[in-house]
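*Asks:* curious how this folds, go ahead:
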Amino acid sequence: MSESQVYLVTGASKGLGRSICEVLATNGFTVIGIARNSIELSSLENYLKNINPKSGIFACDLSSENQIALTADKITNDFPLIHGLIHNAGIIGPVGSMFNVETNLWNETIQVNLLAVQQLTKLLYTSMVKAQRCRVTTISSGAAVNSLESWSAYCTSKAGLEMWTRSLADEGSSHGISAVSVAPGIVDTDMQATIRSVSVDDFPMVERFIGFHNNGDLVAPDVVANSLYELITNHSMDDSGNRFDVREL
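*Replies:* Now for the predicted structure:
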């Protein structure tokens, strides 16, 4: 059954997104990977097409509404049916006092982590409905439910993403669309490295995150992707609208 199913993953070129693409591909799914243009994205394309020539990648900067529109048009032309979306792309954004951070950087975080999710999903909606059953998974965070000092943009975007997921669950149910959010835990990604590099003046809790790394508390993306696989590909309509934690799967 998976051989005929198409799943789209954002933030696909590295980290958790890359690992999700790989686990989907190796289990027979046709995978669409979206990320900013990079060597890593080209590497992913080679990986996916070696497994399934029908898979494809699309270079797209989710901070650009125009690029999202152009990319969605190409995707719907190439893939008339989409059976799953994994909204994984995200940026930590400006870390610092909400009164001092650059407004354009704060806004960019909301754009990439939340507004792009709405725009892309809306543009792919027809392909989702035509598939008759489409499973949407949003990658959330503990920051969606617990505010962290200096993370106002990230926390706000993830909290909004959780409510967006619940809204999609409500409005998509009559069209065979389900939506769940999942907190992936502390994953060993570039975002974590970025967080550890912030000064204590801008992020008073930085030593805690350095400790996660030094103590071996970070989980490899491949491990998390494998834990998420069943939820991503097989969650039910009864599950729709719920929030999950990868550590409880």
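*Asks:* from now on I want contacts and neighbour counts done on CA atoms only, so please keep to that.
*Replies:* Noted.
*Asks:* which element follows the longest helix anywhere in the chain toward the C-terminus?
*Replies:* Ranked by residue count under DSSP state H, the longest helix found in the chain is helix 152-172. Remark: after helix 152-172, the chain's next helix or strand is strand 177-183, criterion DSSP states H and E.
*Asks:* who does that following strand pair with, and is each partner parallel or antiparallel?
*Replies:* Strand 177-183 pairs in its sheet with strand 134-139 (parallel), strand 243-245 (parallel), by DSSP bridges.
*Asks:* now the shortest one: buried residues?
*Replies:* Residues 243, 244 are the ones in strand 243-245 that count as buried (16 or more other CA atoms under 10 Å).
*Asks:* number the chain from 38, please
*Replies:* Shifting the count to begin at 38 puts that one at strand 280-282.
*Asks:* list the contacts for the residue positioned nearest the centre of the chain?
*Replies:* Centroid-nearest residue in the chain, with CA atoms, centre = their mean: residue 125, separated by 0.7 Å. For residue 125, the contact set (CA atoms under 8 Å, 6 or more residues apart in numbering) comprises 46, 47, 48, 49, 53, 54, 175, 176.
*Asks:* those residues in strands, which ones?
*Replies:* Using DSSP state E, the subset of these located in strands is 46, 47, 175, 176.
*Asks:* where does pLDDT dip in this protein?
*Replies:* 38-40 (pLDDT under 70).
*Asks:* one step back: next, the buried residues of the longest helix of the chain.
*Replies:* For helix 189-209, by 16+ other CA under 10 Å, it's 189-199, 201-203, 205-206, 209.
*Asks:* where does the residue of the chain most remote from its centre sit: helix, strand or coil?
*Replies:* Taking CA atoms, centre = their mean, the residue of the chain most remote from its mean C-alpha position is residue 238, at 29.4 Å. For residue 238, the assignment made with DSSP: H, G, I helix; E, B strand; the rest coil gives coil.
*Asks:* would you map the strands across this structure?
*Replies:* 43-47, 67-72, 93-96, 121-124, 171-176, 214-220, 280-282.
*Asks:* distance to residue 263 added to these, as TSV?
*Replies:* Output for the strands of the chain, formatted as TSV (distance: least, CA to CA, whole Å):
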stretch	distance to residue 263
strand 43-47	15
strand 67-72	16
strand 93-96	21
strand 121-124	14
strand 171-176	14
strand 214-220	13
strand 280-282	14
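*Asks:* between those strands, which gets nearest to residue 267?
*Replies:* strand 171-176 (11.4 Å; CA to CA).
*Asks:* who's in contact with the closest one?
*Replies:* Applying CA under 8 Å, 6+ apart, the set of residues contacting strand 171-176 from outside is 119-125, 165, 198-199, 202, 213-221, 269-272.
*Asks:* pull that strand out as PDB, backbone CA atoms only.
*Replies:* Provided in PDB are the C-alpha atoms of strand 171-176 (Å, rounded to 0.1, in the frame of the first residue of the first chain):
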ATOM      1  CA  CYS A 171      -4.400  12.400   4.100                       C
ATOM      2  CA  ARG A 172      -2.500  12.300   7.400                       C
ATOM      3  CA  VAL A 173      -0.900  15.600   8.500                       C
ATOM      4  CA  THR A 174       1.800  15.600  11.300                       C
ATOM      5  CA  THR A 175       3.200  18.800  12.700                       C
ATOM      6  CA  ILE A 176       6.500  18.700  14.600                       C
END
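*Asks:* report the distance from that strand to the chain centre.
*Replies:* 9 Å (CA atoms, centre = their mean, to the nearest Å).
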